[in-house]
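Peer 1: Turn this into a model:
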Amino acid sequence: MIPTTMHPPGILSQSPAGQVNAPVGVEGMFQQILQAVQKSHSDIADLRQECAELRLANASLERQVREGLQHNLHLSRNASGFTTPAPSSPQLRPVKLSPFLSHNTPSLSVGPAEPSFRPSPLGDNALTAFPFGSRDIPGFYVVIPAGGAGTRLWPLSREGHPKFLLDLTLKGRSLIQATWDRLLPLSSAARTTVVAGPGHVKAIHEQLPDLLPHNLLCEPGPKDSMAAIGLAAAVLAKRDPDAVIGSFAADHMISGDDAFLSAVAEAVEVAKKNYLVTIGIAPSHPSTGFGYIRLGEKLEFKEAPNARLVSSFKEKPDARTAASYIATGKYRWNAGMFVTKASFLLDLLKEYKPDLHHGLVRIAAVWDDEAARQTVLNQIWDSLEKIPIDNAVAEPAAAGGRVAVVPATFGWDDVGDFSSLADLLPAEANQPRILGDSTLVVTEQVAGGIVVPGSGRLITCLGVDDLVIVDMPDTLLVTTRARSQEVKRLVKKTRESGWKQLL
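Peer 2: Residues are numbered from 1 along each chain as shown. The predicted model follows:
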């Protein structure tokens, strides 16, 4: 008979060989639990890292498949991709590359609740240095105002097919698609809203197949940014009273995705403390085409270490004033990005523009009832004030210390004219930039400028520098980069001359 040994109450630890060791006390028991928990956390971290790597690899594969499909479609269609028919000519060639997306982009997400992450083709596509454990921000709703005709990019951009629907980098994604790709990691398709006019609803649904129908808010007519963003805020506040919204234009280009996402995440933290928050872009040159934000005192928020008060907003300055702004180091470009609680924005609107607030709240109250919505829109929309959000609430609220700014380091451009578009396109030294099929452009002793061979005709240039040539099937524009900001004036004169159908 083998004698047994009695142990005091406790936990018996066992060696790998099966030998029973000395009993473990309460302190030892907690040590073992703590070690198990730490190991579990380590395993989870490893799994998250593997998932991130798999998402990146999957996104790269999807992008390659998408680009391959688009390339094959371009070759197989053997057409220019433009909606306006080309003039008859026996020498026309089919356009191989076009900023017009002539086909629907297929939906690649697994499901509407968890769409796959698609890095923006206009950014660095990095998945590092993001200071948060998860990119998704609970309770954060993205609002994408998709308005305007982009008249400074006419005749490439038209009223019926504005610049946000164009692929201005020839990478297979339009500006609104790139905006969607960039912001989706922070919210989801369920929390992404687009505000657009009735003439663009169909094209937006085709380009954004994951956009939920009830999240496309159709405004009957253009009323500028305050009405568009205010409508989204009122509708979302009704659906979720605690919603934090971020408004980002559909037609801007951004490089440096990580820096952008980090700035937005900081802005959300500040917005939760009842601020209207904008994102200030570090100016690369003294631009006269952008508004400016003067930085105020630091807010000293732990969750948003870079946040400051906005001292004031400045309208687009002249060249000398812009240079003086940059010399101080206290100014940032105003990119028109705003993050705030939907309810707080409505409070500001009620204080500074009570009539506009009253009308938008009435519309939002019946928005999800389609029949009642149309009736109320017909009664109210035309009477709403047409005003930008900066003038309506941002400027007066800044005077009261209720507007904050997160200074950011990512690259940004609103692609406001052909000169800025030229800076975003690659080119050989002392050669013009070409948006389209480069085999249709032949130059000799030509430096700078931008050429858009959109008609299929051969374009030849000799001894002319910094020209803007946009050759469309129905219209030809020739100007200089220095005067590209004035194309809007030409559009007005074209309308007055009876050529409205070409706008």
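Peer 1: show me what contacts the residue nearest in space to the middle of the chain?
Peer 2: What sits nearest the mean C-alpha location of the chain, by CA atoms, centre = their mean, is residue 179, with 3.2 Å. Taking CB atoms under 8 Å, 6 or more residues apart in numbering, we find residue 179 in contact with 144, 164, 248-252. All C-beta spots, glycine's among them, are computed from the backbone N, C-alpha and C.
Peer 1: That one should be in a helix, yeah?
Peer 2: Yes: Residue 179 forms part of a helix when assessed by DSSP: H, G, I helix; E, B strand; the rest coil.
Peer 1: My read is that residue 191 contacts residue 141, right?
Peer 2: Yes: between residue 191 and residue 141 there is a contact under CB atoms under 8 Å: 4.7 Å.
Peer 1: and the two most separated of the contacts of residue 179?
Peer 2: The largest separation in the contacts of residue 179, counting by CB to CB, is between 164 and 248 at 11.5 Å.
Peer 1: higher neighbour count, those two?
Peer 2: Comparing residue 164 with residue 248 by other CB atoms under 10 Å, the one with more neighbours is residue 164, at 30 against 22.
Peer 1: Please report the distance of that one from residue 489.
Peer 2: In this view, residue 164 and residue 489 are 22 Å apart by CB to CB, to the nearest Å.
Peer 1: all strands of the stretch 351-500 of the chain, in order?
Peer 2: 403-408, 411-413, 433-434, 441-444, 450-453, 459-462, 467-471, 476-480 (DSSP state E, counting those that start in this stretch).
Peer 1: Any idea which of the ones you listed gets closest to residue 390?
Peer 2: strand 403-408 (10.1 Å).
Peer 1: what's the average pLDDT for the closest one?
Peer 2: The average pLDDT within strand 403-408 is 94.
Peer 1: which strands and helices sit next to that strand?
Peer 2: helix 257-271, strand 276-281, strand 291-298, strand 308-314, strand 331-341 (3 or more CB pairs under 8 Å, 6 or more residues apart in numbering; DSSP states H and E).
Peer 1: With mean pLDDT added, can I get these in JSON lines?
Peer 2: Formatted as JSON lines, the helices and strands packed on strand 403-408 follow (pLDDT from 0 to 100):
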{"stretch": "helix 257-271", "mean pLDDT": "92"}
{"stretch": "strand 276-281", "mean pLDDT": "95"}
{"stretch": "strand 291-298", "mean pLDDT": "94"}
{"stretch": "strand 308-314", "mean pLDDT": "93"}
{"stretch": "strand 331-341", "mean pLDDT": "95"}
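Peer 1: Redo the ones you listed as CSV? Include distance to residue 463 and mean neighbour count.
Peer 2: As requested, the helices and strands packed on strand 403-408 are arranged in CSV below (distance: least, CB to CB, whole Å; neighbours: other CB atoms under 10 Å):
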stretch, distance to residue 463, mean neighbour count
helix 257-271, 41, 22
strand 276-281, 37, 25
strand 291-298, 38, 18
strand 308-314, 41, 19
strand 331-341, 36, 25
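Peer 1: May I see the ones you listed arranged in JSON lines, with distance to residue 468 as well?
Peer 2: Listed next are the helices and strands packed on strand 403-408 as JSON lines, based on distance: least, CB to CB, whole Å:
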{"stretch": "helix 257-271", "distance to residue 468": "29"}
{"stretch": "strand 276-281", "distance to residue 468": "25"}
{"stretch": "strand 291-298", "distance to residue 468": "25"}
{"stretch": "strand 308-314", "distance to residue 468": "29"}
{"stretch": "strand 331-341", "distance to residue 468": "23"}
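Peer 1: Where do the helices of the stretch 151-300 of the chain begin and end?
Peer 2: 175-183, 201-207, 224-239, 257-271 (DSSP state H, counting those that start in this stretch).
Peer 1: What angle do strand 331-341 and the longest one make with each other?
Peer 2: Just to be clear, that refers to helix 224-239. Here the directions of helix 224-239 and strand 331-341 differ by 30 degrees (axes from the mean of the first three to the mean of the last three CA atoms, to 10 degrees).
Peer 1: model confidence over stretch 141-152, on average?
Peer 2: pLDDT averaged over stretch 141-152 gives 89.
Peer 1: Show me the strands in the stretch 101-250 of the chain, by range?
Peer 2: 140-146, 192-196, 216-218, 244-247.
Peer 1: which one of the ones you listed lies closest to residue 414?
Peer 2: Among those, strand 140-146 comes nearest to residue 414, with 12.8 Å by CB to CB.
Peer 1: quick one: the helices in the stretch 301-450 of the chain?
Peer 2: 319-328, 342-352, 354-365, 370-380, 389, 395-399, 418-423.
Peer 1: Turn those into TSV, including mean pLDDT.
Peer 2: Listed next are those as TSV, based on pLDDT from 0 to 100:
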stretch	mean pLDDT
helix 319-328	92
helix 342-352	97
helix 354-365	96
helix 370-380	92
helix 389	95
helix 395-399	94
helix 418-423	90
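Peer 1: quick one, which of those helices is packed in tightest?
Peer 2: Most buried of those, by mean neighbour count (mean count of other CB atoms under 10 Å): helix 389, with a mean of 24.
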